[in-house]
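Asker: No letters, just coordinates:
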């Protein structure tokens with residue numbers, strides 16, 4: 001395994017902002033609706049980013065667990081329920097890693113189904129992005145053009161330019177006054193009950209598991225192998241990291257966290273190439289949490305959503321591009337079933353449907369004495 005040295009430059013800084021499109025909406029919901037303490041939320045996320053960057057020495061997104069986040073925001077969970085749900089996920093993922101159950105799931109999952117999950121995620125991101133773009137079409141189109149023009153720029157990376165543009169718009173609109181003066185604020189010590197751990201598992205935790213298996217673990221490991229073939233990261237290692245992370249952060253105000261193929265694609269698209277990206281992002285989040293916790297919710301609310309939408313839309317297209325890797329005669333049917341069923345129901349059901357179709361085809365071909373339609377995905381465990 002060849003580790004790349006850490007880099008700390010404008011390109012890595014731009015890459016650190018590449019997954020903000022998936023983070024911003026859920027962060028706003030957690031802080032504004034569920035009343036999570038911004039200091040704990042941001043500082044724990046920042047620490048998770050820094051530790052992850054040091055461990056993997058590659059870009060590795062830290063994201064909210066989406067099923068849990070959506071349910072928590074929709075049902076207005078109390079902060080203690082959010083922390084309990086994170087602890088529950090930590091226990092589950094530690095078990096997955098200790099038993100290497102995740103490795104077995106990865107071994108029976110073909111690349112066609114992984115591509116289907118990645119394509120589905122790209123479509124979903126693009127759809128959500130369009131909803132943000134329609135809030136200000138002109139700004140959204142300008143933001144897309146900025147990304148296309150400056151994506152490879154070493155001196156004015158697109159993500160940095162867009163963030164500066166967003167802050168400038170907030171200033172021109174006279175909304176920067178919502179930012180309070182800097183003031184030190186430490187993360188709180190937080191608690192929850194075992195009853196809440198079980199309650200959140202029933203409400204959303206069990207539904208979160210298949211999505212984390214597919215997108216945050218298997219698809220992320222596959223994407224790492226695509227981007228950095230000399231630096232593969234096993235599904236088991238990703239599961240272990242998610243377990244340790246979620247067993248730790250809930251006690252200091254952190255949300256349930258995972259990795260994600262969409263976030264990784266976003267980081268890479270906007271320039272991330274080393275673990276320096278995570279360290280930069282972590283330093284930004286810790287600084288915001290320690291000194292701007294009282295005003296960060298207001299900042300999130302007034303930042304132009306069309307700019308975030310433009311970033312999300314192009315990340316979605318980046319993931320949809322994996323369709324070009326599909327072999328029509330071998331991969332198209334399992335991948336197509338995965339995408340269609342995922343869009344009609346959810347990615348967990350789509351994953352199961354694509355897996356069933358793939359192995360059914362293999363069984364039929366084997367009984368006829370022919371060769372299987374495709375080989376299973378290579379395990380990195």
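Answerer: Okay, I see it. Keep in mind it's a predicted model, so treat the numbers as computed, not measured. Numbering: from 1, shown residues only.

Asker: hmm, who's touching the helix or strand where residue 267 lies?
Answerer: Assigned by DSSP states H and E, residue 267 belongs to helix 261-269. Contact partners of helix 261-269, identified using CB atoms under 8 Å, 6 or more residues apart in numbering, comprise 15-16, 18-23, 59-63, 117-118, 121-122, 125, 151, 215-216, 219-220, 222-224, 227, 277, 311-312, 314-316, 318-319. Yep, even glycine has a C-beta here, placed from its N, CA and C like the rest.

Asker: Pull out the buried members of those.
Answerer: Among these, those classed as buried by 16 or more other CB atoms under 10 Å are 15-16, 18-23, 59-63, 117-118, 121-122, 125, 215-216, 219-220, 222-224, 227, 277, 311-312, 314-316, 318-319.

Asker: what's whatever helix or strand residue 244 lives in packed up against?
Answerer: In the assignment (DSSP H and E), residue 244 maps to helix 235-248. Contact partners of helix 235-248 among helices and strands, from 3 or more CB pairs under 8 Å, 6 or more residues apart in numbering; DSSP states H and E: helix 38-56, helix 79-99, helix 101-107, helix 220-227, strand 257-258.

Asker: among those, which is nearest residue 359?
Answerer: helix 101-107 (12.3 Å; CB to CB).

Asker: any chance you could map the helices in the stretch 101-250 of the chain?
Answerer: Here the stretch 101-250 of the chain has its helices, by DSSP state H, counting those that start in this stretch, at 101-107, 111-133, 137-150, 158-172, 194-200, 206-211, 220-227, 235-248.

Asker: With distance to residue 331 and mean pLDDT added, can I get the ones you listed in JSON lines?
Answerer: Shown next, in JSON lines, are these (distance: least, CB to CB, whole Å; pLDDT from 0 to 100):
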{"stretch": "helix 101-107", "distance to residue 331": "17", "mean pLDDT": "85"}
{"stretch": "helix 111-133", "distance to residue 331": "4", "mean pLDDT": "83"}
{"stretch": "helix 137-150", "distance to residue 331": "29", "mean pLDDT": "89"}
{"stretch": "helix 158-172", "distance to residue 331": "32", "mean pLDDT": "85"}
{"stretch": "helix 194-200", "distance to residue 331": "37", "mean pLDDT": "94"}
{"stretch": "helix 206-211", "distance to residue 331": "21", "mean pLDDT": "76"}
{"stretch": "helix 220-227", "distance to residue 331": "13", "mean pLDDT": "92"}
{"stretch": "helix 235-248", "distance to residue 331": "20", "mean pLDDT": "95"}
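
Asker: Dump the ones you listed to JSON lines, plus distance to residue 89.
Answerer: Compiled in JSON lines, the helices of the stretch 101-250 of the chain are given as follows (distance: least, CB to CB, whole Å):
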{"stretch": "helix 101-107", "distance to residue 89": "13"}
{"stretch": "helix 111-133", "distance to residue 89": "19"}
{"stretch": "helix 137-150", "distance to residue 89": "33"}
{"stretch": "helix 158-172", "distance to residue 89": "29"}
{"stretch": "helix 194-200", "distance to residue 89": "9"}
{"stretch": "helix 206-211", "distance to residue 89": "7"}
{"stretch": "helix 220-227", "distance to residue 89": "16"}
{"stretch": "helix 235-248", "distance to residue 89": "5"}
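
Asker: do you know which of those helices lies nearest residue 81?
Answerer: Proximity to residue 81 (CB to CB) singles out helix 194-200 among the helices of the stretch 101-250 of the chain, at 5.3 Å.

Asker: neighbouring contacts of that closest one?
Answerer: So helix 194-200 is contacted by 68, 77, 80-81, 84-85, 87-88 (CB under 8 Å, 6+ apart).

Asker: May I see the buried residues of it?
Answerer: Buried residues in helix 194-200 (16+ other CB under 10 Å): 196-197, 199-200.

Asker: separation between residue 41 and residue 198?
Answerer: 24 Å (CB to CB, to the nearest Å).

Asker: one step back: quick one: which of the helices of the stretch 101-250 of the chain is nearest residue 327?
Answerer: The nearest among those, by CB to CB, is helix 111-133 at 8.3 Å.

Asker: For the closest one, buried residues please.
Answerer: 111-126, 128-129, 132-133.

Asker: helices or strands up against that helix?
Answerer: For helix 111-133, the packing partners by 3+ CB pairs under 8 Å, 6+ apart are helix 20-28, helix 137-150, helix 220-227, helix 261-269, helix 305-320, helix 332-344, helix 347-367.

Asker: Of these, which stretch is the most buried?
Answerer: helix 261-269 (a mean of 27; mean count of other CB atoms under 10 Å).

Asker: Now do it and helix 220-227, the angle between them.
Answerer: If you take axes from the mean of the first three to the mean of the last three CA atoms, to 10 degrees, helix 261-269 sits at 20 degrees to helix 220-227.

Asker: Helix 111-133 and helix 261-269, what's the angle between them?
Answerer: Angle, helix 261-269 to helix 111-133, by the same axes, to 10 degrees: 80 degrees.

Asker: mean confidence score for the helix or strand following helix 261-269?
Answerer: Where DSSP H and E defines the elements, the next helix or strand beyond helix 261-269 is helix 276-291. Taken as a whole, helix 276-291 has a mean pLDDT of 94.

Asker: Next, the angle helix 261-269 makes with helix 276-291.
Answerer: 110 degrees.
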